[in-house]
Structures are given as structure tokens and as C-alpha cells.
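A.B. asks: below is the sequence, then the predicted model.
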Amino acid sequence: MSKSKFIKKALFRTTGLFIVLAGAWYAYAFFRDLPKRQEQIATTKVRQGDVIVRSFTRGELRAVRSATLAAPNLFGTVQVTRIAPLGAFAREKDLVVEFDDSEVNSRLEEKQLELEQIDEQIKKNTADLEMRDNQDQVDLLSARYAVRRAELEVKRNELLAAIDAKKNVLNLEEAKRRLQQLESDIKSRREQAQAQLAVLRENKNKGLLELQREKARLQQVKLLAPISGLVAVRQNRTGFMFPGMQIPDIREGDQVQPGIPVADVLDLSEMEILAKVGELDRANLQEGQEASIVLDALPEKRLNGRIKSMSGTATSNAFSFDPAKKFDVVFSVEMKELLAALGAKPEQVQAILATAEQNRKKPVTAAAPPMMMAGGQMPSGGGDQGQMGGMQQSGMGMQQQGGGMGQPGEARQGGERRRGAGGFAGMQNLTPEQRQKVQEAIKKALGGKSMQELSAEERAAAMPKVQAAVAEVMKQAGGQQKAAAGAAGAAGGPPTMGFAGGPGGPGGMPMMMGMGGGSRYTEKELASAKLPPPPEEDTQFDVLLRPGLLADVEIIVEKIPNAINVPMQAVFEREGRPVVYVRSGAAFEPRIIKPFKRSESVMVIAEGLKPGEVVALADPTAKKTDSKNAKKTDNGGAMSALPGGGK
């Protein structure tokens, strides 16, 4: 009995050990396979219904019109003495920036003193010439009297001895020789005196031109606002800079380089939104499409807009977090709706819209008025001088071409002829419609020909017609005083053609308001111009929005009724073809489809699927390592760039 009990006890222990080991192995296998059981592929059903193809983007609010004020070239230190506060609202003809004019005034006084000295020298030389002429007339009269007396003595030779007769003949020849020599000396002295006077008069003309140039530079000392708008002060980028450097704004007392932008005047009465869209969205957009806009500053308001313009080429910003190339799209904003959403009163809305209408008629461009002198002449500056389109310009290593409108003229610089685009003085102050009228008037006056096709005689005959035609158009535009000078320059006459280097001119750089010569404002307007009040002291009911605010834009591209569609995550690319994985029992089988349209989240299917079928939202054939190395195995197809689009 003891032996049987021992065997039973051993069997029970062995059985229990096996049970424990089996339970442990089962628990180990259960927990080992638990992730596999829990790993399931997400699926969805193929739907059929109305699909709205939308395009979403994010843009930035900006002003439709803006004027850039650039530092003028004062041929000396350009130092800011007064500048409008940042964020101030400047009305038209308000002072925005003022520069130090001490050096210009000093040179102006020197030029005036030189002109006075030249005037005194001209007076002195003129008086000396008159005195010398009087004395020469007396000497000439005496010499002629001596000749006449010698001739009378010769007539007595018949009554005199031969030796006395010979003496009278010799005296007559001597008197005639002296008279001839005196006449020659008088003529030489007079020509010499007149040459000296001509040199003085030329120096005076040169001094007058330099004086007018300094006066024109003195008018550039003050930069006024060409339109009503918000003042945005630029950063002072003069001097050495390095990456990460904190660049301060331009302040009073700063020295700036000529030509750099100092401030912008932004017209806030009409706004637009600049956004960027990708290649797929660009193909579905066209000008005039309606859009829904939601500003971050007004999240509860949805505004209406339209696509205003689109760029034809894509650009990228290598310094941004998204280096992909995108297209620029500009959206117009309904200003009445926007102002009403901001809580503006009806009278405020009307005032702002009236300001927008006034600014819309004004030609706000980046081109500066040319520096015109008396008679329409352009002063020459230091350096190599040249002529372009019949005008003089300073050769400072900058070539001005393009931007002006009119007939091209010959350009001479450094002894070399080349062609340069000419323009009429005052053309930069005209609207595009008025410029078109000027061109049509010139073309009509020339009979459809250009100035280069005409001879010198035909050009001289056509110049009065061109002048009259341009004067009529300029008179309507309020620029009749500049018409004569512009027409004479276009006809190849004296150097009276104004020129404005415009943006995008070949070989040139954009000229901004304030960098050119003369000012389009009168001395009274310049003297009475005042700085706008600071933002905290101004009511600024016109400044309801600030440029730079962000907005979400939704564009409804198309509405497709009764369309078969699946989420974009369900579409993959396999061997260059779009496929979906359709459930067939417990497995998934790949099926090639024919896409019809795609939106930001839905793919519309033309062929290959039926409503109600179940498709996978992830690739069931992909291994675990495939998802981790998706970037390495990505074949760069169109589907792989979308969520769930791994190979």
C-alpha cells in the first residue's frame, strides 16, 4: 500500500507540474501574440453622394496700394531729423520723413555767392569792353584822319620836288599800314573780350544749373505722403549685419544710405489677402472664383471674397519651414462687409470707401519724379556724366532704363552710344489710362510712325503737332506745365525729356519716391507739412485693421452630385497606378481604380469600386518596418505624398 500511494502521489505531482508548465506556456504565448491580435487594419465603406471639392489655404492681409518713400541722394550726409511715429495714420501731404538740410543749404549759399561773383565779373568785363571800344573808336578815327591827310599831301606832288613827292607817298603808305594794323588789333581785342564774356556767361549758366540742382535737392529733404495710409517705418539696414542680428527701426538721428527705403505708406481703405497654394490646388483654381474668408482676429465672422489674380510660376522660400514650391494667389475682400464686421458705422464706412476711391485714382508707383531743371533740363551730378533719352544724368554706376513712356532716344554715356527708353516729364504722375491717351496722341500726331523713322526735317515739322497733342492730354491731367518739355524731348530736341527709372527696367534698379530729383509738391505744401499725430493721440477710425493679420481661406472648386468616393487615406500607389485594398473575406485584395476628382480629403472614383464595399485605410501588405522606413521606401508618387500613401 505504501508503494501504490507513493506512485499515485508521484503521478499527481507530475500531472500538476505539467499543468503548471502548460499554463505558463499558454500565458506566455497569449501575451506574446496579444499585440498581433490587437493590431487591426482600419477600414471604411465606399460611399455615394454629393461631393464638394474644396481648397483650403492660409493667407496674410495686406494693403492693395502702398507707396515706398526712399532716402534721397543729397550728395552728402543723409541723416533723419524727423520721422512719423510707427503706426501713425498719415493723411495725404502729411510729413513722413525729414532729413538734415544743413549741407544742402551750405552748398546753396556757396552757389549763390559764386553766381554773384560771376555777375560782378561780367559787369566789370562788359564795362572794360565798352571803355576799350570807345578808345579804339578814337584811335581809329585818328588813323583814318592821318590817312586822309596823307592822301591830300600826295595830291600836291606835282608842285613839289621829286624827293618831297616820294616822301608824301611813303607817308601815305605808312598811314594806311597803321590803319590796317589798328583795325586788326581792334578786331582781335574785341573777339578776345567777347570770348572772356562767353566763358563767364557759360560759368554762370553752369552755376545756375548747379543752383537749381541744389534747390531741387532741398525739396527732397521732406518726404510727404502721396496717399492717406498707415505709416510703416523700415529697418535700418545700413552698415554691417550678420545672421540673427536684431535690426532696429530707422529713428531720428540715424544716417541712411541714399536710395534705401525709409518708410511705407499703406492704404488701408482697400485690403486683399495674399496666400500660397500647392500644385494640386492651383490646377483647380481660376480667377473670379468665390472664396470664404475667416480672419483670425474675427473668428466668428465669415467674409466673402474672390480670386483676384494668380501667379503663373511657383516659388519657394528656402528659409521657411516649408521649402516646397507654391503659387501666389491674391484674394479680394469685400470692404463693406469687412468694415461692417468690425463694427464701423455707416458714415465711417462711406468715409473709408471715399478715401479708397480717391487713392485709386492716384498713380502710386515706385518710380520717382525726374529732377527737372529750368527749361526741362536735367542736372548733371558728380562722376561720369551722360545723356539718356536727351537728358543728363549723373554717372554713379547706376543705369536707369525702362519705366518711362514715350519714344526711345539715344543714350550717351562715357563716349558710347546706346539706346535708352525715354519718357515725358510728368508721365509718372499720370494714371495708366492717361498714359495710354498720351501714347495714342503721339502716335496719331506722328502718323503711326516712330521718331527713329523720321528724318530731321520731318521730326522738326512733327514736333509742334506732338507738343500740341501731348499738351492737350496733360492739360486734362493737370500737368500742362510739363507737356512742352516732354514733347520737345520726345521729338529729339533739346535736353528736355524727363526720365523715371521704373521697376523691372532692364539693367536698372527701381527708383522710389524721394530718390529722384524734383518734388511734385509746391514750396507752400512742403513748408506747411506736419508730422501725423502718434497712434495714441489720433482717433484712427480709418485704421480698423492692420496689415499682416492671418486668415483662413476656403475656395469651393466644384460640386459633384451622386459621386462614388473614398477617403484619400484609402488610395495608394502601386507600380505607378492608383489602387485600393478591398476586403474579400478575411483578407484584402488590391484593385486598380480610375480617379475622377480629388479634394483635400476625398477621392472621387470614376471606375473600379461600388458603393458599400469595404476598403482599407492602411496598406495591409506593408510590414512593420515599412511604416518606420516609409520615407526611405517612398517612391515619390502622387499618392505617396498624401496621408496613408506609402508604397
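C.D. replies: Looks like it came in fine.

A.B. asks: residues contacting the closest residue in space to residue 335 that isn't next to it in sequence?
C.D. replies: The shortest distance from residue 335 to any non-neighbouring residue, by CB to CB, 6 or more residues apart in numbering, is to residue 270 (6.1 Å). (C-beta placed from N, C-alpha, C; glycine too.) Counting by CB atoms under 8 Å, 6 or more residues apart in numbering, residue 270 touches 63-65, 335, 356, 359-360.

A.B. asks: hmm, 10 Å instead?
C.D. replies: By CB atoms under 10 Å, 6 or more residues apart in numbering, residue 270 lies in contact with 63-65, 332-333, 335, 352-353, 355-357, 359-360.

A.B. asks: with secondary structure and distance to residue 121 added, can I get the residues you listed in CSV?
C.D. replies: Formatted as CSV, those follow (DSSP: H, G, I helix; E, B strand; the rest coil; distance: CB to CB, whole Å):
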residue, secondary structure, distance to residue 121
63, strand, 56
64, strand, 58
65, strand, 53
332, strand, 66
333, strand, 67
335, helix, 65
352, helix, 61
353, helix, 62
355, helix, 56
356, helix, 58
357, helix, 57
359, helix, 52
360, helix, 55
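
A.B. asks: now for these, which pair is the farthest apart?
C.D. replies: For those, the farthest-apart pair by CB to CB is 332 and 355; their separation is 17.4 Å.

A.B. asks: tell me what the longest helix along the chain is packed against?
C.D. replies: Identified as the longest helix of the chain according to DSSP state H is helix 162-219. Packing partners of helix 162-219 (3 or more CB pairs under 10 Å, 6 or more residues apart in numbering; DSSP states H and E): helix 102-154, helix 523-528.

A.B. asks: quickly compare these and say which is most buried.
C.D. replies: When you average the neighbours per residue for each of these (mean count of other CB atoms under 10 Å), helix 102-154 leads with a mean of 14.

A.B. asks: circling back: TSV for the contacts of residue 270, including distance to residue 46 and pLDDT?
C.D. replies: Listed next are the contacts of residue 270 as TSV, based on distance: CB to CB, whole Å; pLDDT from 0 to 100:
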residue	distance to residue 46	pLDDT
63	48	86
64	46	86
65	51	84
332	39	88
333	40	87
335	45	83
352	52	79
353	51	81
355	55	79
356	51	80
357	54	80
359	55	78
360	52	77
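
A.B. asks: in its sheet, what does the next helix or strand after the longest helix of the chain sit against?
C.D. replies: Counting by DSSP states H and E, the next helix or strand C-terminal to helix 162-219 is strand 222-224. Using DSSP bridges, strand 222-224 pairs in its sheet with strand 95-99 (antiparallel).

A.B. asks: list the buried ones in the strand it pairs with?
C.D. replies: By neighbour count on 16 or more other CB atoms under 10 Å, the buried set for strand 95-99 is 95-99.

A.B. asks: ranges for the helices of the stretch 201-350 of the chain?
C.D. replies: Assignment of helices within the stretch 201-350 of the chain using DSSP state H, counting those that start in this stretch yields the ranges 279-282, 335-341, 346-361.

A.B. asks: so for residue 443, which of those helices sits nearest?
C.D. replies: helix 346-361 (24.8 Å).

A.B. asks: list phi and psi for residue 586.
C.D. replies: Residue 586 adopts backbone torsions of phi -100, psi 0, taken as degrees, to the nearest 10.

A.B. asks: ok, it - how many residues close by?
C.D. replies: Here the number of neighbours of residue 586 (other CB atoms under 10 Å) works out to 5.

A.B. asks: go on, residue 201?
C.D. replies: Other residues near residue 201 come to 12 when the count uses other CB under 10 Å.

A.B. asks: relative to residue 80, how far out is it?
C.D. replies: Using CB to CB, to the nearest Å, residue 201 is found at 40 Å from residue 80.

A.B. asks: return the angle between stretch directions for the longest helix of the chain and helix 102-154.
C.D. replies: Using axes from the mean of the first three to the mean of the last three CA atoms, to 10 degrees, the direction of helix 162-219 lies 170 degrees away from that of helix 102-154.

A.B. asks: look at residue 106 and report its pLDDT.
C.D. replies: The model reports residue 106 with a pLDDT of 92.

A.B. asks: quick one: contacts for it?
C.D. replies: Residue 106 neighbours (CB under 10 Å, 6+ apart): 76, 214.

A.B. asks: what do you get for residue 555?
C.D. replies: Per CB under 10 Å, 6+ apart, neighbours of residue 555: 53-57, 275, 277, 281, 284-285, 289-293, 305-307, 329, 331.

A.B. asks: please redo it, this time with the cut-off set to 8 Å
C.D. replies: Each residue near residue 555 by CB under 8 Å, 6+ apart is listed here: 54-57, 285, 289-292, 307.

A.B. asks: and the helix or strand harbouring it, which strands flank it?
C.D. replies: Assigned by DSSP H and E, residue 555 belongs to strand 550-567. Strand 550-567 sits in its sheet next to strand 47-70 (antiparallel), strand 290-295 (antiparallel), strand 602-607 (antiparallel), going by DSSP bridges.

A.B. asks: buried stuff in that strand?
C.D. replies: 551-555, 557, 560, 563-566.

A.B. asks: now, which of the buried residues of strand 95-99 sits nearest residue 191?
C.D. replies: Nearest to residue 191 among the buried residues of strand 95-99, counting by CB to CB, is residue 99 at 48.4 Å.

A.B. asks: please parse this structure into its domains.
C.D. replies: For the chain, the structural domains run 1-36, 102-219, 420-499, going by automatic domain parsing.

A.B. asks: among those, which comes closest to residue 607?
C.D. replies: Across those, residue 607 has its closest neighbour in domain 1-36 (35.8 Å, CB to CB).

A.B. asks: quick revisit: and which of the buried residues of strand 95-99 is nearest residue 581?
C.D. replies: residue 96 (64.7 Å).

A.B. asks: on that earlier part again, with distance to residue 608 as extra columns, can I get the helices and strands packed on helix 162-219 in CSV?
C.D. replies: Formatted as CSV, those follow (distance: least, CB to CB, whole Å):
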stretch, distance to residue 608
helix 102-154, 78
helix 523-528, 73
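
A.B. asks: of the ones you listed, which is nearest residue 594?
C.D. replies: Nearest to residue 594, of all those, is helix 523-528, at 68.9 Å by CB to CB.

A.B. asks: mean confidence for the closest one?
C.D. replies: Mean per-residue pLDDT for helix 523-528: 85.

A.B. asks: now do stretch 129-145
C.D. replies: Here stretch 129-145 scores 91 as its mean pLDDT.

A.B. asks: from the contacts of residue 555, list the buried ones, please.
C.D. replies: Burial of the contacts of residue 555 was assessed by neighbour count (16+ other CB under 10 Å); the buried members are 54-55, 57, 285, 289, 291, 307.

A.B. asks: identify, from those residues, the entry nearest to residue 134.
C.D. replies: Residue 134 lies nearest to residue 307 out of those, by CB to CB, at 85.6 Å.
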